[in-house]
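J.: turn this into a model:
(one chain, ligands or ions: 2)
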Amino acid sequence: MQVSQYFARDLFRDRTVFVTGGGSGINLGIARNFAALGANIALCGRTQERLDAAAEELRALGAKACPVAADVRDYAALEAAFARSRAELGPMDVLVCGAAGNFLVPAEKLSANGFKTVVDIDLLGSFNASRAAFAQLKETKGVLIYISAGMAYMPHAYQVHVGAAKAGIDMMMRNLALEWGGYGIRVNSIVPGPIEGTEGMKRLASPEAKQAIIDAVPLRRMGTVDDIGQTAVFLASPLASYISGCVVVCDGGANLAGSGQFNAGAERMLQKMAMQATRS
Ligand code: HXC
Ligand code: NAP
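T.: Ligands and ions are numbered 1, 2, ... in the order given. Here you go, the predicted structure:
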């Protein structure tokens with residue numbers, strides 16, 4: 001992997017990285033980048049088979065892996081997962097909070113429970129993980145990384161639930177950076193841009209919109225899961241030892257043009273979904 005051409009291959013040897021939502025997509029990409037630099041990886045999500053498959057991939061990169069099913073909305077389940085990861089891999093040096101849920105929906109059609117569900121997974125789930133990991137992170141003077149989104153600081157159509165949840169995450173990040181800095185814990189967020197081949201893109205943009213998305217990115221490409229993995233590895237490395245309380249945007253400059261292209265694409269996607277629903 002590219003990361004091991006630029007960073008020492010043993011940078012995270014004997015270190016433990018826990019990734020919530022680590023069984024797929026961007027979060028698994030982050031786990032792979034840490035594994036390529038010697039880290040051992042624990043993962044949680046709701047689906048044990050998905051986590052087991054991810055763990056196999058990570059073992060192939062040389063990592064010890066601990067895949068343990070836990071819903072981030074369930075504090076006791078997270079405590080149990082963290083205790084198991086500690087018993088198998090040692091205390092946690094890095095926690096990546098990436099578990100999230102998303103769907104496109106106009107605000108006037110979103111139920112109270114739909115809004116609550118996304119806030120529960122993204123925001124409460126990230127607090128639950130941070131709080132349950134605190135003792136281990138204090139012990140290791142560890143690093144906490146949240147996976148946020150552009151919706152946190154720029155309104156996007158049909159994303160009121162996600163915007164509220166991710167903005168909450170970024171404010172929580174700043175609060176914890178302030179409070180936990182005294183324990184030597186650094187806390188930051190990463191905002192990925194449009195990342196190719198992910199569940200998030202599948203849910204928010206139709207395949208026909210791909211070229212328009214690329215055209216709207218100043219660097220003229222979609223991001224890869226490795227772009228985000230590399231950012232996470234840097235933020236957890238000693239090279240970032242004075243960086244805390246930051247939102248690091250890794251999006252090829254996509255935010256500079258605003259959310260207009262996203263909003264138009266989301267509108268078309270909702271229309272297409274409505275037509276498909278009428279037909280079936
Ligand atoms: C409107 C919806 C909905 C939809 C669910 N709900 N899907 N409302 N439109 N498409 C409502 C339901 O009707 C229900 O409310 C409430 O949400 C809870 O639904 P459940 O299905 O019971 O929830 P749950 O099983 O907990 O599943 C959570 C989920 C699901 C978020 C709804 O989609 C999921 O598990 N997602 C995980 C994977 C994922 O989303 N990955 C993408 C992350 S990408 P009622 O009122 O009926 O009870 C991402 C990208 C960010 O975050 C930015 C990209 C640029
Ligand atoms: P993804 O593959 O669906 O990742 C989400 C992961 O979270 C899944 O592995 C899912 O596994 C897990 N998860 C969902 N609900 C959970 C819960 N209640 N408890 C524990 N785990 C749960 O989607 P992705 O697109 O790669 O997104 C990953 C992260 O990047 C998210 O935080 C997302 O908001 C952010 N992001 C993505 C993009 C993008 O372009 N894709 C852009 C900006 C930000 P289970 O379903 O098995 O639980």
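
J.: when you work out contacts or count neighbours from here on, use the C-alpha atoms and nothing else.
T.: Fine.

J.: gap between Tyr153 and ligand 1?
T.: Counting by Cα to the nearest ligand atom, to the nearest Å, the separation of Tyr153 from ligand 1 is 12 Å.

J.: so who does the closest residue in space to that residue that isn't next to it in sequence touch?
T.: Excluding the flanking residues, the one nearest Tyr153 by Cα to Cα, 6 or more residues apart in numbering is Ala167, at 6.5 Å. Residues counted as contacts of Ala167 (Cα atoms under 8 Å, 6 or more residues apart in numbering) are Ser148, Met151, Ala152, Tyr153.

J.: which helix or strand contains Ala167?
T.: helix 160-180 (DSSP states H and E).

J.: which element follows that helix toward the C-terminus?
T.: Helix 160-180 is succeeded, C-terminally, by strand 186-192 (DSSP H and E).

J.: which strands or helices does that following strand pack on?
T.: strand 143-147, helix 160-180, helix 225-236, strand 247-250 (3 or more Cα pairs under 8 Å, 6 or more residues apart in numbering; DSSP states H and E).

J.: buried ones in the helix or strand following that strand, by neighbour count?
T.: The helix or strand immediately downstream of strand 186-192 is helix 199-204, counting by DSSP H and E. The neighbour-count check on helix 199-204 (16 or more other Cα atoms under 10 Å) flags Gly200, Leu204 as buried.

J.: what sits up against stretch 67-79?
T.: By Cα under 8 Å, 6+ apart, the surrounding residues in contact with stretch 67-79 are 20, 42-48, 51-52, 55, 81, 99, 120-121, 124-126, 128-129, 132-133.

J.: distance between the ends of it?
T.: 14 Å (Cα to Cα, to the nearest Å).

J.: what about that stretch, distance to the chain center?
T.: Chain-centre distance of stretch 67-79: 16 Å, with Cα atoms, centre = their mean, to the nearest Å.

J.: hmm, it touching ligand 2?
T.: Yes: using Cα under 6 Å from any ligand atom, stretch 67-79 reaches ligand 2 at Ala70, Asp71, Val72, Arg73.

J.: touching ligand 1 at all, that stretch?
T.: No: using Cα under 6 Å from any ligand atom, stretch 67-79 stays clear of ligand 1, with a minimum separation of 9.2 Å.
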